[in-house]
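Asks: need a 3D model of the sequence below.
(one chain, ligands or ions: 1)
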Amino acid sequence: MSSTSEGGVGRQDWERKTTSRTGAGVVDDPYPRFAELRPTNGGVHDSSFFAMFGMGDPTSEAWKGAQRFATLSYAATEHVLRENTIFTNAGIRRMTQHAFGPVSLMGSDDPDHRKFRLLVQPAFGKKALGLWQSWVKPRLDELIDGFVDKGRTDLYFEYCSQFPVFVIAMTLGVARDDLDWFQEQAGLMQIGAAPAEQARAARLEVEDYMRKVIAERRRAPQDDLISLLIESEITEPDGKHKITEEQILGLVCNLLPAGVGTTFRSLGITLVTLMQRPDLLARLYEDRSLVPAVVEETLRWNGPVLTSPFRLAAEDTEIMGVKIPKGSLVEPGIAAANRDPLQFENPDVFDPFRPVKPTLAFSYGPHFCVGGQVARLELRAALNALLDRLPNLRFDPNEPEPRLTGLLYRMPTAVPAAWG
Ligand code: HEM
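Replies: As a prediction, the model looks like this:
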């Protein structure tokens, strides 16, 4: 195992290294362009999101020459996500095999995907949510203890980025001393974040590590996620299926890129959004029942991921009347869909008091985010812990005000905060 970062996880370099290829610092606000293009062709655009913004596409190596489409309207995006036998995950499979391994949820299609989802369900069911939760609050308190007396810090790097990877690592049985290494691998395994060879090397290191954990848990089960998964089996018409070691490893390698950056970037976006709205923040201190709505509205208004994993058209088809030739890659633009005025009134306004409506922040259809409930409990707990312990939270007046930035992944440039 190798580690190049020292003294803690989630340093600025790590975030820069893993997001510079995907639009951070290049595109700050993609939404006006989405609004401009959405009314044409039912919101089906004939290029990739990167091309839409004149950027080189770090994901194109795997699909040289394929025709590309991106959806910008709610109806078009929902259609692609629902029709999963036409818009298959073969698109993302080829792009991510090096990072996620030969067997992954994101890279599989029905009927394999359906069985795989059933087999990993125990890791996200009621009992498991308690396991996830048991690591959240102690970690948040520990982090706040580290900076509360200073009166100011960058919450993005010292708080947000420090906890989702910890929670996944602990839940999976990773040793505390290996956390830095673990977060570094998680960064390299994000879609489009690193060249394929680097992503593959990161995945192989994680697999080696986890094989040992699985072997230990087989010998001596514990009250943890790996032990729960080892026991998982489903009954199908053709008999009983137990989860395989490859499937457990595939899930682990999918959890890292899927559950770390998404969650901490979303928390960072929430904090910047609240600090830009001191009246709303003051109201939140007084009325914590608003926390879930603030979390949901942030995910709708400025979620951490632009698109669901790319789908491959398995046959000639149409979206909103636009012809999509077989073999095209389609990017389901969930972020653009969540600002569609046909679905949400005044979509560009951040309004946690808007009527409750489903969004596509965690996607839709058979691949919808399996970790959505984990993400929600983490985001709510992290926000509440700050409100509990940092009174009068505001931007640090000695630091430049942060921006929200990024295309494939959205994030704040920083969260410089002062309190007290
Ligand atoms: C704010 C946080 C999060 C957001 C916005 C988010 C969003 C998404 C999206 C958009 C997808 C793609 C679904 C599709 O292909 O249509 C996805 C899939 C997935 N997410 Fe999340 N996610 C978050 C947190 C998490 C967490 C905390 C975990 C695990 C603990 C997780 C695990 C996964 C996995 C394993 C998949 C693949 C599901 C499949 O293909 O069947 N995610 N997520």
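Asks: who in the protein is up against the ligand?
Replies: Counting by CB under 6 Å from any ligand atom, the residues of the chain close to the ligand are 81, 105-106, 117, 254-255, 258-259, 262-263, 266, 299, 303-305, 308-309, 334, 361-363, 367-371, 374-375. Where you see a C-beta, it was placed from the backbone N, CA and C, and this is true even at glycine.
Asks: of those, grab the buried ones for PyMOL.
Replies: Command for PyMOL, covering only those of the residues of the chain next to the ligand found buried under the criterion 16 or more other CB atoms under 10 Å:
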select buried, resi 81+105+106+117+254+255+258+259+262+263+266+299+303+304+305+308+309+334+361+362+363+367+369+370+371+374+375
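Asks: residues contacting residue 87?
Replies: Counting by CB atoms under 8 Å, 6 or more residues apart in numbering, residue 87 makes contact with 80, 81, 311, 312, 313, 314, 317, 330, 332.
Asks: now swap in residue 105 and tell me
Replies: 113, 116, 117, 120, 250, 251, 254, 367, 370 are the contacts of residue 105 under CB under 8 Å, 6+ apart.
Asks: closest one to the ligand out of those, please.
Replies: residue 367 (3.4 Å; CB to the nearest ligand atom).
Asks: residue 81 against residue 332, yeah?
Replies: Yes: judged on CB atoms under 8 Å, residue 81 makes contact with residue 332 at a distance of 5.4 Å.
Asks: next, the closest residue to the ligand within the stretch 1-150 of the chain: secondary structure please.
Replies: Closest to the ligand within the stretch 1-150 of the chain is residue 105: 3.6 Å, counting by CB to the nearest ligand atom. Following DSSP: H, G, I helix; E, B strand; the rest coil, we place residue 105 in the coil state.
Asks: beyond the strand or helix carrying residue 156, next helix or strand please.
Replies: Element membership for residue 156, per DSSP states H and E: helix 155-158. Counting by DSSP H and E, the next helix or strand C-terminal to helix 155-158 is helix 164-172.
Asks: please list all residues in contact with residue 103.
Replies: With CB under 8 Å, 6+ apart, residue 103 has these contacts: 116, 244, 246, 247, 249, 250.
Asks: find the residue closest to the residue in the stretch 251-400 of the chain positioned nearest to the ligand in space, skipping its chain neighbours.
Replies: Using CB to the nearest ligand atom, the single residue of the stretch 251-400 of the chain nearest to the ligand is residue 371, 2.1 Å away. Closest residue to residue 371 apart from its sequence neighbours, by CB to CB, 6 or more residues apart in numbering: residue 259 at 5.0 Å.
Asks: in this structure that neighbour contacts residue 164, no?
Replies: Yes: at 6.2 Å, residue 259 and residue 164 qualify as touching, with contact defined as CB under 8 Å.
Asks: quick check: neighbours shared by residue 81 and residue 332?
Replies: 87, 308, 360, 363.
Asks: what's residue 269 sitting at in phi/psi?
Replies: Residue 269 adopts backbone torsions of phi -60, psi -40, taken as degrees, to the nearest 10.
Asks: so it sits right up against residue 305, yeah?
Replies: No: assessed by CB under 8 Å, residue 269 is found out of contact with residue 305, at 11.3 Å.
Asks: in the protein, which helix is the longest?
Replies: helix 196-219 (DSSP state H).
Asks: what's the most distant pair in the shared contacts of residue 81 and residue 332?
Replies: For the shared contacts of residue 81 and residue 332, the farthest-apart pair by CB to CB is 87 and 360; their separation is 14.3 Å.
Asks: quick one: residue 387 and residue 283 touch, right?
Replies: No: at 11.1 Å, residue 387 does not count as touching residue 283 under the criterion of CB under 8 Å.
Asks: neighbour count: these two, which is higher?
Replies: residue 387 (17 against 14; other CB atoms under 10 Å).
Asks: and the more buried one, that's in a helix?
Replies: Yes: under three-state DSSP, residue 387 falls within a helix.
Asks: leaving out the residues flanking it, which one is nearest to it?
Replies: Per CB to CB, 6+ apart, closest to residue 387 is residue 285, 5.7 Å.
Asks: the one you found sits in which helix or strand?
Replies: helix 278-286.
Asks: check which residues of that helix are buried.
Replies: Buried, per 16+ other CB under 10 Å, within helix 278-286: 280, 281, 284.
Asks: need those residues in a markdown table with pLDDT, can you?
Replies: Output for the buried residues of helix 278-286, formatted as a markdown table (pLDDT from 0 to 100):
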| residue | pLDDT |
| --- | --- |
| 280 | 98 |
| 281 | 98 |
| 284 | 98 |
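Asks: can you give me the strands for the chain?
Replies: Along the chain, counting by DSSP state E, strands occupy 44-45, 68-71, 87-88, 152-154, 233-236, 239-242, 311-313, 317-319, 322-324, 329-331, 394-395, 404-405, 411-412, 416-418.
Asks: just send these back as a markdown table, with mean pLDDT too.
Replies: Output for these, formatted as a markdown table (pLDDT from 0 to 100):
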| stretch | mean pLDDT |
| --- | --- |
| strand 44-45 | 98 |
| strand 68-71 | 97 |
| strand 87-88 | 96 |
| strand 152-154 | 97 |
| strand 233-236 | 90 |
| strand 239-242 | 90 |
| strand 311-313 | 96 |
| strand 317-319 | 98 |
| strand 322-324 | 98 |
| strand 329-331 | 96 |
| strand 394-395 | 98 |
| strand 404-405 | 94 |
| strand 411-412 | 93 |
| strand 416-418 | 98 |
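Asks: what does stretch 40-60 rub up against?
Replies: 21-23, 26-27, 30, 33, 37, 67-77, 95, 191-193, 306-307, 310, 319-322, 324, 329, 331, 333, 336-337, 340, 407-408.
Asks: separate out the buried members of those residues.
Replies: Judged by 16+ other CB under 10 Å, buried ones among those: 21-23, 27, 30, 33, 37, 67-77, 95, 191-193, 306-307, 310, 319, 322, 324, 329, 331, 333, 336-337, 340, 407-408.
Asks: what about the residues you listed, which are in helices?
Replies: Short answer: these in helices (DSSP H) are 33, 37, 74, 75, 76, 77, 95, 336, 337.
Asks: separation between residue 57 and residue 355?
Replies: According to CB to CB, to the nearest Å, residue 57 stands 37 Å off from residue 355.
Asks: mind giving me the PyMOL select for the contacts of residue 103, buried ones only?
Replies: Command for PyMOL, covering only those of those found buried under the criterion 16+ other CB under 10 Å:
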select buried, resi 116+247+249+250
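Asks: mind putting the contacts of residue 103 into CSV with pLDDT?
Replies: Shown next, in CSV, are the contacts of residue 103 (pLDDT from 0 to 100):
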residue, pLDDT
116, 94
244, 94
246, 93
247, 93
249, 94
250, 92
